[in-house]
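Chemist: let's see this in three dimensions:
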Amino acid sequence: MAPAVRLLARPVAGALAGFALWTSFPPLNWWPAAFVAIAALALLNRGGRQRSAALTGYLFGLGLFVPMLSFLRGLGVDAWLVLAAFESLWFALLGLALRVVAPLRWWPAAVPLLWVGQEFLRDRWPWGGFPWGRIAFGQADGPLLPLASLGGAVLVTLAASVVGAALAWVVQWLSTVEGRRTSPGGMVAAGAVLVVALTAPLALSLPTRGTSSGGPSHALVAVVQGNVPRLGLREFEQERAVTTNHMRETQVLAADVAAGRVPRPEAVIWPENASDMDPYTDAQARQLIDTAVTAIDVPVLVGAVLDGPGPTHVTNAGIVWSPVTGPGERYAKRHLVPFGEYLPMRSLLTRFIGRFSLIGRDFKAGHRPGLLQVGPVRLGDVICFEVADDGVVRDAVDAGGRLIAVQTNNATYERPGDNGDGGETAQQLQMSRLRAVEHGRAVVVAATSGVSAVIAPDGRVERRSGVFRPAYFVADLPLRDPRTVADRLGSWPERGLAILAGLVLLAAALQDRWTRSSEVLETPSRLHELAGRR
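Modeler: As a prediction, this is how the structure comes out:
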């Protein structure tokens, strides 16, 4: 092999492995590809220098994030590529960590821990983290999904990483079998780990089926998708048009209820940003919402952008709107999107990047879980990006949510000709499926332009809309109180595994230091022995 080809082979293979991981997510949903990608990155960093391992990991990250985040093109190619390049830095650290533990005899056991540790850090820093691309979010169609009820997304990631590490172990054994550096028992153990990881979810998943006497066991809930008048960054240029669309679709629902074509819902869910004007201060927006709520004559959860607090902030909120008393309880989005809903380092960035000046006011984060009473439904509300945040969803369920609602607006990221099976919309739907299993609750997704959906507690999509067209549906949904094992454990499994990952790295570093020290001490003895032989 030519030196140039040999030099490029490992980085190119790293990028291809990252691309393979992307294929486990929508639109392809080839969930087994995640196992192959994990195994490939582990094997690529079994040798070579640490600098090369970091580069291989970084290119792995680019292979994943460049195609995954392509939905950001509507915001600008620079925004898309800069975010992909930044998030790939975490995989550079992962590649380096995998190289550090490579000399350990038990290195396959370290791979899942390091992967979980990387996700633990990336999901939190900087600016609240960016959870997109977690292994678990690509496993909604695979056999590992039921594990979410036991340990949440982190357990699904761990199990997938165990399978990937087992595959890497098998490949390593096959490549060294002639030298017998690995015993045949290693292959048997690796195969056993792989089989257990794939079959355990079916045997161990503990679905919650009962309900308490604290309320009704089912409710008829309607989801309304009004659509947007324009696409991309211009979807809200026409003031109150989005609200008008949702009012009209709710009136269509009310007419069908009156005609007996569909049953009357007990609660209605509108999506995020269904009101682009503050209905507390804008009389026209309030009138549009009042007209819709009066027509259907049941409480409606309205997604709205509110002015304040103060003159420099706005709030992304869900408001319970009663046909009798008007606006009542509300939830303010807690996990905001940096550079989308607020601008870190505003004074510095607006000086160099003029487009950032379009973000005139920052959104203000809320501080309490999204528990809302919408008619007979005690509902856990999360807004758009928050569905990727373990803690935000868990807090809404722990507070008493018996049904999960995901209010979202994906119109910014959709393009003409999209069908909702790829990009941000489909990725978010897969996350919602995992949350349904994790918390043992039905999930309703209400989107301005699609995809809106109803998801059963076992993760099955029972109803879904198309994109860029008005739609509504009414579903009879279970309301549940029991908490899953994952709910009871909370964030402790991920914290514990992240700590173990740190200890593994420490152990590997100490072993490497000890080995180098021993080599230094042995060198004079070896030289003396060689001189004596001469």
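Chemist: what is the burial count for residue 509?
Modeler: Using other Cβ atoms under 10 Å, residue 509 is surrounded by 12 other residues. Using the backbone N, CA and C atoms, a C-beta is placed for each residue, glycine as well.
Chemist: how much space between it and residue 125?
Modeler: 22 Å (Cβ to Cβ, to the nearest Å).
Chemist: what do you get for residue 386?
Modeler: Counting by Cβ to Cβ - residue 386 and residue 125 are separated by 17 Å.
Chemist: more neighbours, the two?
Modeler: With neighbours defined as other Cβ under 10 Å, residue 386 and residue 125 compare such that residue 386 has more, 25 against 11.
Chemist: which residues sit in contact with that one?
Modeler: For residue 386, the contacting residues are 333-335, 392-393, by Cβ atoms under 8 Å, 6 or more residues apart in numbering.
Chemist: can you show me the helices along the stretch 401-534 of the chain?
Modeler: For the stretch 401-534 of the chain, helices defined by DSSP state H, counting those that start in this stretch occupy the ranges 423-439, 485-489, 492-533.
Chemist: looking at this, residue 26 is in a helix?
Modeler: No. Counting by DSSP: H, G, I helix; E, B strand; the rest coil, residue 26 is not found in a helix; it is coil.
Chemist: where in this protein is the helix or strand with the lowest mean pLDDT?
Modeler: The weakest-scoring helix or strand in the chain, judged by mean pLDDT, DSSP states H and E, is helix 184-204 (a mean of 51).
Chemist: low-confidence ranges in the stretch 101-250 of the chain?
Modeler: 177-214, 230-237 (pLDDT under 70).
Chemist: go with 50
Modeler: 179, 181-185, 187-188, 203, 206-211, 213, 232-234, 236 (pLDDT under 50).
Chemist: in it, which spans are strands?
Modeler: Applying DSSP state E, counting those that start in this stretch to the stretch 101-250 of the chain gives strands spanning 218-225.
Chemist: low pLDDT regions in the protein?
Modeler: 179, 181-185, 187-188, 203, 206-211, 213, 232-234, 236, 527.
Chemist: got the domain boundaries for it?
Modeler: Domain ranges of the chain: 3-206+491-519, 218-479, per automatic domain parsing.
Chemist: would you turn the ones you listed into JSON lines with distance to residue 485?
Modeler: What follows is the domains of the chain, written out as JSON lines (distance: least, Cβ to Cβ, whole Å):
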{"stretch": "domain 3-206+491-519", "distance to residue 485": "5"}
{"stretch": "domain 218-479", "distance to residue 485": "10"}
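Chemist: please name the nearest non-neighbouring residue to the residue minimising distance to the centre of the chain.
Modeler: Centroid check for the chain by Cα atoms, centre = their mean gives residue 388 as the closest residue, at 3.6 Å. Excluding the flanking residues, the one nearest residue 388 by Cβ to Cβ, 6 or more residues apart in numbering is residue 131, at 4.1 Å.
Chemist: quick one, what contacts that neighbour?
Modeler: Contacts of residue 131 (Cβ under 8 Å, 6+ apart): 119, 122-123, 137, 388-390.
Chemist: let's see that with 10 Å instead.
Modeler: By Cβ atoms under 10 Å, 6 or more residues apart in numbering, residue 131 lies in contact with 119, 122-124, 137, 153, 335, 385, 387-390, 431.
Chemist: need the helices of the stretch 401-534 of the chain in JSON lines (columns: distance to residue 40).
Modeler: Compiled in JSON lines, the helices of the stretch 401-534 of the chain are given as follows (distance: least, Cβ to Cβ, whole Å):
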{"stretch": "helix 423-439", "distance to residue 40": "22"}
{"stretch": "helix 485-489", "distance to residue 40": "29"}
{"stretch": "helix 492-533", "distance to residue 40": "20"}
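Chemist: out of those, deepest packed?
Modeler: helix 423-439 (a mean of 25; mean count of other Cβ atoms under 10 Å).
Chemist: tell me how far it lies from the chain's centre.
Modeler: For helix 423-439, the separation from the chain centroid amounts to 7 Å (computed by Cα atoms, centre = their mean, to the nearest Å).
Chemist: got it, and stretch 438-457?
Modeler: The chain centre lies 14 Å from the centre of stretch 438-457; the measure is Cα atoms, centre = their mean.
Chemist: end to end on it, go ahead and measure it.
Modeler: 9 Å (Cα to Cα, to the nearest Å).
Chemist: just the buried residues of that stretch, please?
Modeler: 438-457 (16 or more other Cβ atoms under 10 Å).
Chemist: inside strands: which ones of those?
Modeler: Mapping the buried residues of stretch 438-457 onto strands (DSSP state E) picks out 443-447, 453-455.
Chemist: of those, closest to residue 346?
Modeler: residue 447 (29.4 Å; Cβ to Cβ).
Chemist: who touches the closest one in this structure?
Modeler: 223, 225-227, 271-272, 384, 406-411, 414, 420, 425, 428-429, 453, 464-465, 467, 471.
Chemist: measure it to residue 244 for me?
Modeler: 17 Å.
Chemist: try residue 228
Modeler: Distance from residue 228 to residue 244, by Cβ to Cβ: 11 Å.
Chemist: about what we covered before: could I get the contacts of residue 131 as TSV with distance to residue 28?
Modeler: Shown next, in TSV, are these (distance: Cβ to Cβ, whole Å):
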residue	distance to residue 28
119	21
122	22
123	23
124	28
137	14
153	20
335	28
385	23
387	21
388	20
389	25
390	25
431	16
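Chemist: list only buried entries from the residues you listed.
Modeler: Here, 16+ other Cβ under 10 Å leaves 119, 122-123, 137, 153, 335, 385, 387-390, 431 buried among those.
Chemist: what's the closest of the residues you listed to residue 293?
Modeler: Looking across the buried ones among the contacts of residue 131 and measuring by Cβ to Cβ, the closest to residue 293 is residue 387, at 25.6 Å.
Chemist: isn't the closest one right next to residue 431, touching?
Modeler: Yes. With contact defined as Cβ atoms under 10 Å, residue 387 counts as touching residue 431 (4.9 Å).
Chemist: quick check: neighbours shared by those two?
Modeler: Common neighbours of residue 387 and residue 431 (criterion: Cβ under 10 Å, 6+ apart): 131, 137, 393, 406, 443, 445.
Chemist: in this structure the fourth one contacts residue 389, no?
Modeler: No. Taking contact to mean Cβ under 10 Å, the distance of 11.7 Å between residue 406 and residue 389 leaves them out of contact.
Chemist: out of the shared contacts of residue 387 and residue 431, who's nearest residue 304?
Modeler: Distances from residue 304 to those, taken by Cβ to Cβ, are shortest for residue 406, at 16.1 Å.
Chemist: which ones are touching that closest one?
Modeler: 269, 271-272, 380-384, 386-387, 393, 428-429, 431-432, 435, 443-447, 452-453, 455.
Chemist: if we use 6 Å, what do you get?
Modeler: Contacts for residue 406 (Cβ atoms under 6 Å, 6 or more residues apart in numbering) come out as 382, 387, 432, 445.
Chemist: do residue 238 as well
Modeler: residue 229.
Chemist: for stretch 134-154, measure first residue to last.
Modeler: 9 Å.
Chemist: chain center to that stretch: distance?
Modeler: Stretch 134-154 has its C-alpha centroid displaced from the chain centroid by 11 Å (Cα atoms, centre = their mean).
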